[in-house]
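>>> whatever this is, show me its structure:
(one chain, ligands or ions: 2)
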Amino acid sequence: HFADAQRTDLMTITRYVLNEQTRYPESRGDFTILLSHIVLGCKFVCSAVNKAGLAKLIGLAGETNVQGEEQKKLDVLSNEVFVKALVSSGRTCILVSEEDEEATFVDPSLRGKYCVVFDPLDGSSNIDCGVSIGTIFGIYSIKDGDEPKLADVLQPGKHMVAAGYCMYGSSCTLVLSTGSGVNGFTLDPSLGEFILTHPDIKVPKKGQIYSVNEGNAKNWDEPTTKYVERCKFPKDGSSPKSLRYIGSMVADVHRTLLYGGIFMYPADKKSPNGKLRVLYEVFPMSFLTEQAGGQSFTGKKRALDIVPNKIHERSAIFLGSYDDIEEIKALYAQEE
Ligand code: AHM
Ligand code: MG
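Ligands and ions are numbered 1, 2, ... in the order given. This next block holds a predicted model:
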């Protein structure tokens, strides 16, 4: 029986990625090693996040907390954990983190071929109230033996070799794509292992949910305004869409992948490039969305086609169900 077999024959994330690699006979397991270090980072941050509410009581990371400071500490702690886990993997050459102004070039003695761009703890405004937050990452690869340079991470998202996120929610879920579909793994805390729970995630072709910070509506452009108006007052007799907005990109995108719909952080008069960062927010989430059969759009073009000029560059972003993104694309096309 399938369910029984699953209960005793666990597909861990490591086993899954090793299986995938058998398709590439030249592979030497470097990616598996890199991933196991990312997984370690996620487990550590998950455990720290779960204790965050107790931080005042027990102290976070062995330090006594001053009121109001633990939020910043959890960000900084997560960044340190990921930087150290990635460097010590011996498989990375360049790291770009939301928390660090400059890119980190790994010491030649520990250098490997992967460049990792990441937001160690996204949605930090949600930490203090215990709402879901997450880690987002994207991975580029340089040619073996090449000298790493900043241009290696200033590449369009479509050149990523893998992308994923880990959501620290009611359970800890790691969603990963290595370029052939999307799979979700849930941390079994008693085993300390991520187990395949959401094989081959496909975003529904059309959704019933829109997700946006509507408090910015005053400054929106025409297409965004029109689109949201249509969500609420559909002209074709269909029922209005539901609004869901957590304010944590990982959680909002996770729901969008599983239930369908559209997630948007549009440009507006105050932030002409939106809020979200191209390298470690827009690209990984767009990569996953496309791999799950959805689309991702900036208001001008396919998000994965952006060629970033700076590591902390921002872009407007619309992503989700294929049909819903077609609709917003049509509204932007009318503008031209
Ligand atoms: P952060 O990197 O400072 O945590 O900000 C990113 C977050 C995203 O998770 C979320 O989608 C967005 O910012 C929410 O922004 P807003 O509060 O403006 O709606
Ligand atoms: Mg962020």
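>>> so the closest residue to residue 187 other than its chain neighbours bridges to which residues?
Nearest non-adjacent residue to residue 187, counting by C-beta to C-beta, 6 or more residues apart in numbering: residue 172, 3.9 Å away. Every C-beta, even on glycine, is put in place using the N, C-alpha and C of the backbone. Applying DSSP bridges to residue 172 yields these beta-bridge partners: residue 168.
>>> and residue 172, how many neighbours?
A count of neighbours around residue 172, defined by other C-beta atoms under 10 Å, yields 22.
>>> which ones are touching it?
Counting by C-beta atoms under 8 Å, 6 or more residues apart in numbering, residue 172 touches 42, 43, 46, 166, 186, 187, 189.
>>> now with 7 Å, please.
46, 166, 186, 187 (C-beta atoms under 7 Å, 6 or more residues apart in numbering).
>>> quick one: which of these is nearest to residue 331?
Using C-beta to C-beta, residue 166 is the member of the contacts of residue 172 that lies nearest residue 331, at 33.5 Å.
>>> that closest one - how many residues pack around it?
Neighbour count for residue 166, taken as other C-beta under 10 Å: 26.
>>> packing partners for the helix or strand harbouring it?
Assigned by DSSP states H and E, residue 166 falls within strand 162-168. If you count contacts as 3 or more C-beta pairs under 7 Å, 6 or more residues apart in numbering; DSSP states H and E, strand 162-168 packs onto helix 30-50, strand 133-141, strand 172-177, helix 249-259, helix 283-291.
>>> on that earlier part again, mind putting the contacts of residue 172 in TSV, distance to ligand 2 and pLDDT included?
Below are the contacts of residue 172 laid out as TSV (distance: C-beta to the ion, whole Å; pLDDT from 0 to 100):
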residue	distance to ligand 2	pLDDT
46	17	95
166	13	98
186	23	98
187	21	97
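>>> out of those residues, who's the most crowded?
residue 166 (26 neighbours).
>>> right, and it touches residue 174 too?
Yes: using C-beta atoms under 7 Å, residue 166 makes contact with residue 174 at a distance of 4.6 Å.
>>> residues shared between the contacts of these two?
In contact with both residue 166 and residue 174: residue 42, using C-beta under 7 Å, 6+ apart.
>>> which intervals of this protein have sub-threshold pLDDT?
Across the chain, the ranges flagged by pLDDT under 70 are 1-6, 25, 55-72.
>>> what residues does it put near ligand 1?
Proximity of the chain to ligand 1 (C-beta under 6 Å from any ligand atom) is limited to residues 98, 119, 122, 123, 124, 213, 247, 248, 249, 252, 265, 275.
>>> doesn't residue 326 belong to a helix?
Yes: assessed by DSSP: H, G, I helix; E, B strand; the rest coil, residue 326 belongs to a helix.
>>> list the contacts of it.
By C-beta under 7 Å, 6+ apart, the contact list for residue 326 is empty.
>>> how close does it get to ligand 2?
When distance is defined by C-beta to the ion, to the nearest Å, residue 326 is 28 Å away from ligand 2.
>>> follow-up on the earlier one: distance to residue 151 for the helices and strands packed on strand 162-168 - can I get that in JSON lines?
Below are those laid out as JSON lines (distance: least, C-beta to C-beta, whole Å):
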{"stretch": "helix 30-50", "distance to residue 151": "21"}
{"stretch": "strand 133-141", "distance to residue 151": "11"}
{"stretch": "strand 172-177", "distance to residue 151": "24"}
{"stretch": "helix 249-259", "distance to residue 151": "26"}
{"stretch": "helix 283-291", "distance to residue 151": "16"}
